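*Asks:* this one's structure only:
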Ligand code: ADP
């Protein structure tokens with residue numbers, strides 16, 4: 001464990017490398033330590049995160065190049081300096097460990113996020129930072145690994161990703177516009193003809209009240225139907241912050257299947273839905289998961305454009321899976337995927353459709369990643385492809401514990 005060795009040595013040479021201060025190691029020991037340390041240093045350099053290794057006094061014993069870039073310092077300018085040079089807690093409270101308090105660090109064992117810190121670059125500019133600490137004890141020494149995350153950058157990225165997701169959602173809904181207009185027209189036409197019938201009944205003498213009551217009931221039902229369609233559309237095109245709540249995945253999927261109902265009819269496709277009765281809830285964002293389902297269903301419809309109408313069928317199943325996961329499968333009988341496409345289709349801008357954007361699956365995958373789940377595709381044995389979404393069920397989502 002090179003980091004612990006580094007922490008034990010309290011002096012550093014001009015190049016910022018830790019210098020052995022005691023223990024009088026043999027040449028072999030020293031060689032092993034130096035190569036171990038180099039290996040460790042190289043591993044840190046490969047990680048796409050700013051990382052600081054602190055000794056028990058909160059002094060930087062090692063920093064990776066990403067951390068140097070983030071803060072604008074040279075390596076030598078940081079080694080041996082207190083971590084407060086770079087980050088300050090905005091609010092110290094009883095839960096915030098002090099860098100220079102090894103006992104608190106030790107108690108903070110494992111994973112401890114500090115999400116409201118002020119970080120300062122060498123040029124004096126500041127940014128909000130989140131620091132995830134992993135404190136552990138090795139060979140009697142307290143060593144701390146600190147991952148520094150630039151919150152401004154992360155949130156900007158997240159916001160851009162959400163904007164893009166919203167845009168593609170709206171554009172996907174655009175594809176459904178004509179069938180949705182048709183679906184909305186049906187209850188409106190029914191309402192109109194019922195009202196006209198009621199007007200005729202009103203002129204009769206005596207007025208048939210029972211008949212009139214039935215007509216009014218029909219009008220109410222049709223009105224509900226129309227507002228349901230509107231509710232579903234609004235739910236999908238809504239723009240808002242991520243809203244992670246316990247969800248009944250069955251209702252999320254049912255809503256999307258209802259939304260594509262008319263489109264499926266126009267395309268001569270049957271959609272079946274098979275939901276396991278013992279489905280546990282998942283934690284997630286309703287709108288985003290609907291976006292994924294919408295995308296998978298419309299892709300399945302597209303894949304069957306050239307298939308004879310009798311064979312156009314999509315089966316959606318939802319069932320509990322191993323290790324507290326919930327599995328959604330969207331199975332079509334379309335043209336399937338060639339081996340080279342199985343991975344490529346998840347890359348941004350990959351499309352085989354003349355009007356395609358090639359963003360649906362890449363955005364869907366990032367949404368499912370964000371939910372700590374997995375999205376992948378497989379070819380069916382007979383024909384077509386199946387897209388799988390595995391999501392951690394409510395109880396299994398680690399988000400509860402860490403946030
Ligand atoms: P787009 O639909 O705009 O092309 P996507 O990212 O949703 O973008 O899909 C990328 C590509 O993946 C599609 O163009 C198609 O080639 C392939 N694909 C997606 N779903 C299926 C499916 N169910 N069967 C076969 N190919 C599919």
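*Replies:* Done, it's in. If you're wondering where the values come from, they're calculated on a predicted model, not measured in any experiment.
*Asks:* for the residue in the stretch 1-150 of the chain that the ligand sits nearest to, what are its contacts?
*Replies:* When scored by Cβ to the nearest ligand atom, the stretch 1-150 of the chain has residue 48 as its residue closest to the ligand, at 24.7 Å. Backbone N, C-alpha and C define where each C-beta goes, glycine included. The contact partners of residue 48, by Cβ atoms under 8 Å, 6 or more residues apart in numbering, come to residue 66.
*Asks:* ok but it is inside a strand, no?
*Replies:* No. Judged by DSSP: H, G, I helix; E, B strand; the rest coil, residue 48 forms no part of a strand; its state is coil.
*Asks:* Tell me which helix or strand comes right after the strand ranked longest in the chain.
*Replies:* The longest strand of the chain (DSSP state E) is strand 126-138. Later in the chain than strand 126-138, the nearest helix or strand by DSSP states H and E is strand 141-150.
*Asks:* partners of that next one, with directions?
*Replies:* Paired strands of strand 141-150, with direction, are strand 50-54 (antiparallel), strand 126-138 (antiparallel) (DSSP bridges).
*Asks:* Including mean neighbour count, mean pLDDT and distance to residue 346, could those go into a markdown table?
*Replies:* Output for those, formatted as a markdown table (neighbours: other Cβ atoms under 10 Å; pLDDT from 0 to 100; distance: least, Cβ to Cβ, whole Å):
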| stretch | mean neighbour count | mean pLDDT | distance to residue 346 |
| --- | --- | --- | --- |
| strand 50-54 | 23 | 90 | 28 |
| strand 126-138 | 17 | 78 | 28 |
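*Asks:* could I get those strands as JSON lines with distance to residue 175?
*Replies:* As requested, those are exported to JSON lines (distance: least, Cβ to Cβ, whole Å):
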{"stretch": "strand 50-54", "distance to residue 175": "42"}
{"stretch": "strand 126-138", "distance to residue 175": "39"}
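*Asks:* export these to a markdown table and tack on distance to the ligand?
*Replies:* Listed next are those as a markdown table, based on distance: least, Cβ to the nearest ligand atom, whole Å:
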| stretch | distance to the ligand |
| --- | --- |
| strand 50-54 | 32 |
| strand 126-138 | 31 |
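*Asks:* show me where pLDDT drops low in the stretch 101-250 of the chain?
*Replies:* Residue ranges of the stretch 101-250 of the chain with pLDDT under 70: 101-116, 136-140.
*Asks:* can you give me the helices in it?
*Replies:* Listed in chain order, the helices of the stretch 101-250 of the chain (DSSP state H, counting those that start in this stretch) span 102-107, 151-203, 209-237, 249-259.
*Asks:* Could you single out the most deeply buried of those helices?
*Replies:* Most buried of the helices of the stretch 101-250 of the chain, by mean neighbour count (mean count of other Cβ atoms under 10 Å): helix 249-259, with a mean of 19.
*Asks:* After that helix, which helix or strand is next?
*Replies:* Immediately after helix 249-259, counting by DSSP H and E, sits helix 261-266.
*Asks:* Check which helices and strands the following helix or strand past that following helix is in contact with.
*Replies:* Going down the chain from helix 261-266, the next helix or strand is strand 270-275, by DSSP H and E. The contact analysis (3 or more Cβ pairs under 8 Å, 6 or more residues apart in numbering; DSSP states H and E) places strand 270-275 against helix 249-259, helix 261-266, strand 313-320.
*Asks:* hmm, strand 270-275 in reach of the ligand?
*Replies:* No. Shown here: strand 270-275 not in contact with the ligand (Cβ under 6 Å from any ligand atom), separated by at least 13.3 Å.
*Asks:* what's the burial count for the residue of the stretch 151-300 of the chain found nearest the ligand?
*Replies:* For the stretch 151-300 of the chain and the ligand, the shortest gap (Cβ to the nearest ligand atom) falls at residue 299, measuring 3.3 Å. By the criterion of other Cβ atoms under 10 Å, residue 299 has 23 neighbours.
*Asks:* can you check residue 74 too?
*Replies:* For residue 74, using other Cβ under 10 Å, the count is 11.
*Asks:* pLDDT score for residue 330?
*Replies:* With respect to pLDDT, residue 330 scores 98.
*Asks:* Now do the SS call for it.
*Replies:* When classified by three-state DSSP, residue 330 comes out as strand.
*Asks:* what's the distance between it and the ligand?
*Replies:* 8 Å (Cβ to the nearest ligand atom, to the nearest Å).
*Asks:* give me every residue that touches the residue nearest to residue 197 when sequence neighbours are not counted.
*Replies:* Once flanking residues are discounted, residue 197 sits nearest to residue 215: 5.9 Å by Cβ to Cβ, 6 or more residues apart in numbering. The contact partners of residue 215, taken as Cβ under 8 Å, 6+ apart, are 194, 197, 198, 201.
*Asks:* for the stretch 251-400 of the chain, what spans make up the helices?
*Replies:* For the stretch 251-400 of the chain, the helices defined by DSSP H, counting those that start in this stretch cover 261-266, 286-303, 341-344, 360-370, 399-402.
*Asks:* Need the winner for burial among those helices.
*Replies:* Most buried of those, by mean neighbour count (mean count of other Cβ under 10 Å): helix 286-303, with a mean of 23.
*Asks:* For it, what does the pLDDT average out to?
*Replies:* Mean per-residue pLDDT for helix 286-303: 94.
*Asks:* Distance from that helix to the middle of the chain?
*Replies:* Here the centre of helix 286-303 is set off from its chain's centre by 16 Å, with Cα atoms, centre = their mean, to the nearest Å.
*Asks:* Over to residue 355: give its phi and psi.
*Replies:* phi -100, psi 10 (degrees, to the nearest 10).
*Asks:* make that residue 56, sorry
*Replies:* Dihedral pair for residue 56: phi -70, psi -10, per degrees, to the nearest 10.
*Asks:* That one - nearest residue in space that isn't next to it in sequence?
*Replies:* The shortest distance from residue 56 to any non-neighbouring residue, by Cβ to Cβ, 6+ apart, is to residue 142 (3.9 Å).
*Asks:* residues touching the closest residue to residue 252 other than its chain neighbours, list them.
*Replies:* Once flanking residues are discounted, residue 252 sits nearest to residue 289: 5.3 Å by Cβ to Cβ, 6+ apart. Shown in contact with residue 289 (Cβ under 8 Å, 6+ apart): 247, 249, 252, 367, 371, 391.
*Asks:* From residue 215, how far out is the nearest residue in space to residue 226 that is not next to it in sequence?
*Replies:* Distances taken as Cβ to Cβ, 6+ apart put residue 187 closest to residue 226, at 4.2 Å, once the chain neighbours are dropped. According to Cβ to Cβ, to the nearest Å, residue 187 and residue 215 sit 14 Å apart.
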